[in-house]
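# Below: sequence and its predicted model.
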Amino acid sequence: MSQLSSKISNKYWIKLVILFTLGWLVIYATRQVLAPLLPTIMAEFGLSNGQAGNIMSIFFIGYTLSQVPSGIIGDKVGRKTMVIIGTIGFGIFAAITGLMTTYLLFIVAWFLVGLFQGMYYGPQYALSSEAIPPERITLGSALINSGMAFGTSIGMYISTITVFDLGMDWKWPFIIISIPVILLGLTMMFLVRERAPHIEAMKQQERENGTEVVVEEKLKILDLFKKRNLILAFITIFCSIYGFFVILTWLPTYLLNERGVEGSDVAFVTSLVPWAAIPGSLILSWISDKLGRRKPVLLVMLPVAFISMISIVFFDSMTVLYVALILYGLFGKISTNPVLIAVVADAAPRVGLSTSFGVYNFIGMSASILAPGLTGWITDVSGSFNMAFYVAAGFTLVGIIASALLDESDNIERMKKHKKLELHTEETN
């Protein structure tokens, strides 16, 4: 590859990281406009905690159902196409959700928002995994992931400021957030490529040299379940996402009903998680890339997340609550995800990369279907959120066990070879 191609590729992957970071920002902002509004929507439609939890569960049924199909279609038709359709589609239906006047119509529109959002994950991470240099894959994924943290906070503030502080109708946040979503989707049409420039350059050189080899490989989804590390990554992300969506969906209601936090203060307290996740994700991902390993980092992150989850409800002190939320942000799901993405990137077959990430997120986001409704039901039965948070901590414990079973012998061997190559290069120079 020429020096020019290298420079273009460097510019391209940085541009891609920025665009996809904004993509996750608007995805999470759209989701999170709902959480502070749940008590208002519950009052308007006369809903129980269980029914309110089902709003998010139905959303994530749509999100999860589109994971694997969008990955498969993306590998065959085009990853860029799926990312753009998904982004513009969920922006349109977010606005439609805000216009719905009955509970049934509301959840149907919200389901479709989830369905279109689900088209983003697999194709997006396939595109970014190809474009980002291997030695920066975890850090690059963490930068993209930081959009989730910003979006979670921004979505909360859009709802709390417009509805609680300015007295606007609860429908407006859905309409407001749809505008930047659609604009971003249109921007991606012009700036995202189906193949990274350095890959196109290599393909072109092969064609010119007559050395291009076309290999028709078919990925069977069941083949993914023959790889130990992929199975363990699937289990870990499921457990991590369960706890995260208990917090994401129900923490604002918990703060309002059981801790007496009011108005925009709910957004501030809840935002401690995503804001703390930004430095946590970047630092821990950098450490993972530096080590060339994922397991040691996960075995620090997940136990801290476990303790934090329990501490949120076990202690009455607001100071302890703040510390627990900050620690969960630093070491919880948002920070864990880029490390697990690297586990998948290390273990997944090169063919059908979009499908591999789609299956990974399908399994992980299945927890997002279970968590909101089950948490609402446990709260209705027990009369308190405490038991629901303890159940979430139990899932995190299972994730710790799964991470401890990861086999990183290939990564260790790869790092040894890389260090030998560096030493040889230094001696030669």
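Alright, I've got the coordinates. Fair warning: this is a prediction, and the values are worked out from it, not measured in the lab.
# Tell me how far Val304 lies from Val68.
Using C-beta to C-beta, to the nearest Å, we find Val304 at a distance of 32 Å from Val68. C-beta coordinates here come from the backbone N, C-alpha and C atoms, glycine included.
# same thing with Trp172?
In terms of C-beta to C-beta, Trp172 sits 35 Å off from Val68.
# State the helix or strand in which Gly89 lies.
helix 79-98 (DSSP states H and E).
# Check which helices and strands that helix is in contact with.
Contact partners of helix 79-98 among helices and strands, from 3 or more C-beta pairs under 8 Å, 6 or more residues apart in numbering; DSSP states H and E: helix 3-32, helix 67-77, helix 103-117, helix 121-131, helix 172-191.
# Which positions in the last one come out as buried?
Neighbour-count burial for helix 172-191 flags 172-178, 180-182, 184-185, 188 (criterion: 16 or more other C-beta atoms under 10 Å).
# likewise the second one?
Across helix 67-77, burial judged by 16+ other C-beta under 10 Å covers 67-75.
# Name all residues that make contact with Lys333.
Going by C-beta atoms under 8 Å, 6 or more residues apart in numbering, Lys333 touches 240-241, 243-244, 305.
# What sits closest to it if chain neighbours are left out?
Nearest residue to Lys333 in three dimensions, chain neighbours excluded: Phe244, at 3.5 Å (C-beta to C-beta, 6 or more residues apart in numbering).
# got it, and Gly358?
Gly71 (2.5 Å).
# Against Phe362, how distant is the one you found?
The value you get for Gly71 to Phe362, if C-beta to C-beta is used, is 8 Å.
# ok, back up a step: and the helix holding Gly89, C-alpha only, in PDB?
Provided in PDB are the C-alpha atoms of helix 79-98 (Å, rounded to 0.1, in the frame of the first residue of the first chain):
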ATOM      1  CA  ARG A  79     -23.100  -2.400   5.400                       C
ATOM      2  CA  LYS A  80     -23.300   1.300   4.500                       C
ATOM      3  CA  THR A  81     -26.800   0.900   3.100                       C
ATOM      4  CA  MET A  82     -28.000  -0.800   6.400                       C
ATOM      5  CA  VAL A  83     -26.500   1.900   8.600                       C
ATOM      6  CA  ILE A  84     -28.200   4.700   6.600                       C
ATOM      7  CA  ILE A  85     -31.600   3.100   6.400                       C
ATOM      8  CA  GLY A  86     -31.500   2.300  10.100                       C
ATOM      9  CA  THR A  87     -30.500   5.800  11.100                       C
ATOM     10  CA  ILE A  88     -33.000   7.700   9.000                       C
ATOM     11  CA  GLY A  89     -35.700   5.200   9.800                       C
ATOM     12  CA  PHE A  90     -35.500   5.400  13.500                       C
ATOM     13  CA  GLY A  91     -35.400   9.200  13.300                       C
ATOM     14  CA  ILE A  92     -38.700   9.300  11.400                       C
ATOM     15  CA  PHE A  93     -40.400   6.900  13.800                       C
ATOM     16  CA  ALA A  94     -39.100   8.800  16.800                       C
ATOM     17  CA  ALA A  95     -41.100  11.800  15.600                       C
ATOM     18  CA  ILE A  96     -44.100   9.600  14.900                       C
ATOM     19  CA  THR A  97     -43.900   8.100  18.500                       C
ATOM     20  CA  GLY A  98     -44.300  11.600  19.900                       C
END
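# buried stuff in that helix?
79-98.
# again, but for stretch 285-298
285, 287-289, 291-295, 297-298.
# okay if I get those as TSV plus distance to Ile278 and pLDDT?
What follows is the buried residues of stretch 285-298, written out as TSV (distance: C-beta to C-beta, whole Å; pLDDT from 0 to 100):
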residue	distance to Ile278	pLDDT
Ser285	11	86
Ile287	15	90
Ser288	16	86
Asp289	17	82
Leu291	21	83
Gly292	24	80
Arg293	23	84
Arg294	20	89
Lys295	23	92
Val297	17	93
Leu298	19	95
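# Sort out for me which of those residues are in helices.
Mapping those onto helices (DSSP state H) picks out 285, 287-289, 291, 295, 297-298.
# What's the first helix or strand after the host helix or strand of the residue nearest to Lys333?
Under the criterion DSSP H and E, the helix or strand holding Phe244 is helix 228-258. Toward the C-terminal end, the helix or strand that comes next after helix 228-258 (DSSP H and E) is helix 264-270.
# Would you pull up how far that following helix lies from the middle of the chain?
21 Å (C-alpha atoms, centre = their mean, to the nearest Å).
# Tell me which other helices or strands it touches.
In terms of contacts (3+ C-beta pairs under 8 Å, 6+ apart), helix 264-270 is packed against helix 137-159, helix 228-258, helix 318-331.
# So which bits of the first one are buried?
By neighbour count, and taking 16+ other C-beta under 10 Å as the criterion, the buried residues in helix 137-159 are 137-159.
# Ok, the second one next?
With burial defined by 16+ other C-beta under 10 Å, the residues of helix 228-258 counted as buried are 229-256.
# quick one, that helix and helix 318-331 angle?
Relative orientation of helix 228-258 versus helix 318-331 (axes from the mean of the first three to the mean of the last three C-alpha atoms, to 10 degrees): 150 degrees.
# Same question for the first one.
For helix 137-159 and helix 318-331, the angle between their directions (the same axes, to 10 degrees) works out to 140 degrees.
# Make 20 the starting number, not 1.
Sounds good: first residue 20 from here, last item helix 156-178.
# helices or strands up against helix 156-178?
By 3+ C-beta pairs under 8 Å, 6+ apart, helix 156-178 packs against helix 22-51, helix 140-150, helix 191-210, helix 283-289, helix 291-310, helix 352-366.
# The second one: how far from the chain's middle?
It stands for helix 140-150. 13 Å.
# Give the rounded mean pLDDT of it.
For helix 140-150, mean pLDDT is 86.
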